[in-house]
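# coords below, sequence missing:
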């Protein structure tokens with residue numbers, strides 16, 4: 001393991017996003033999007049926050065429950081982020097779990113109505129593949145691990 005990775009793990013939290021990985025999204029919030037919102041005085045919307053979560057969730061050291069940090073990145077208020085996060089959670093668009101194990105903080109981010117509704121923690125490998133959480137290549141490459149598991 002690289003020294004920088006170990007330092008990041010020692011410093012804070014480790015998160016894992018449960019999301020449709022076939023979408024191939026790996027970028028954070030676009031600078032242009034923030035500039036447009038500022039230029040037109042746009043307020044944060046639930047859909048904009050959801051898009052942000054999708055764009056940043058692949059960063060395993062980013063705490064999506066840190067409303068203050070998210071608000072700073074979006075150029076919004078902590079309260080607005082918290083309010084919209086709660087709305088998205090209540091409507092079943094996202095589910096964020098966070099826990100500590102041996103002094104390290106872990107987060108699991110369930111993003112997308114189908115993923116949240118599927119109760120992914122209890123899903124079979126085939127269901128995970130159907131949902132897009134495990135790509136076809138990953139599923140095929142690990143078929144020996146799933147032998148006998150439907």
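Yep, that arrived. Just so it is clear, the model here is predicted, and its values are computed rather than measured.
# got the buried residues for the longest helix anywhere in the chain?
Ordering each helix of the chain by length in residues (DSSP state H) puts helix 78-90 first. In terms of neighbour count (16 or more other CB atoms under 10 Å), helix 78-90 has its buried residues at 80, 81, 84, 85, 88. (C-beta placed from N, C-alpha, C; glycine too.)
# now these as CSV including pLDDT and distance to residue 113?
Output for the buried residues of helix 78-90, formatted as CSV (pLDDT from 0 to 100; distance: CB to CB, whole Å):
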residue, pLDDT, distance to residue 113
80, 93, 22
81, 94, 20
84, 94, 16
85, 94, 15
88, 94, 10
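# of those residues, which is the nearest to residue 66?
residue 81 (9.3 Å; CB to CB).
# dump the residue contacts of that closest one.
44, 49, 67, 70, 71, 74 (CB atoms under 8 Å, 6 or more residues apart in numbering).
# try 10 Å
Neighbouring residues of residue 81 by CB atoms under 10 Å, 6 or more residues apart in numbering: 44, 49, 52, 66, 67, 68, 69, 70, 71, 72, 73, 74.
# how much space between it and residue 112?
Separation of residue 81 from residue 112 (CB to CB, to the nearest Å) stands at 19 Å.
# how about the nearest residue to residue 76, chain neighbours excluded?
The shortest distance from residue 76 to any non-neighbouring residue, by CB to CB, 6 or more residues apart in numbering, is to residue 44 (4.1 Å).
# you'd agree residue 105 is in a strand?
Yes: counting by DSSP: H, G, I helix; E, B strand; the rest coil, residue 105 is part of a strand.
# who does it bridge with?
Applying DSSP bridges to residue 105 yields these beta-bridge partners: residue 13, residue 100.
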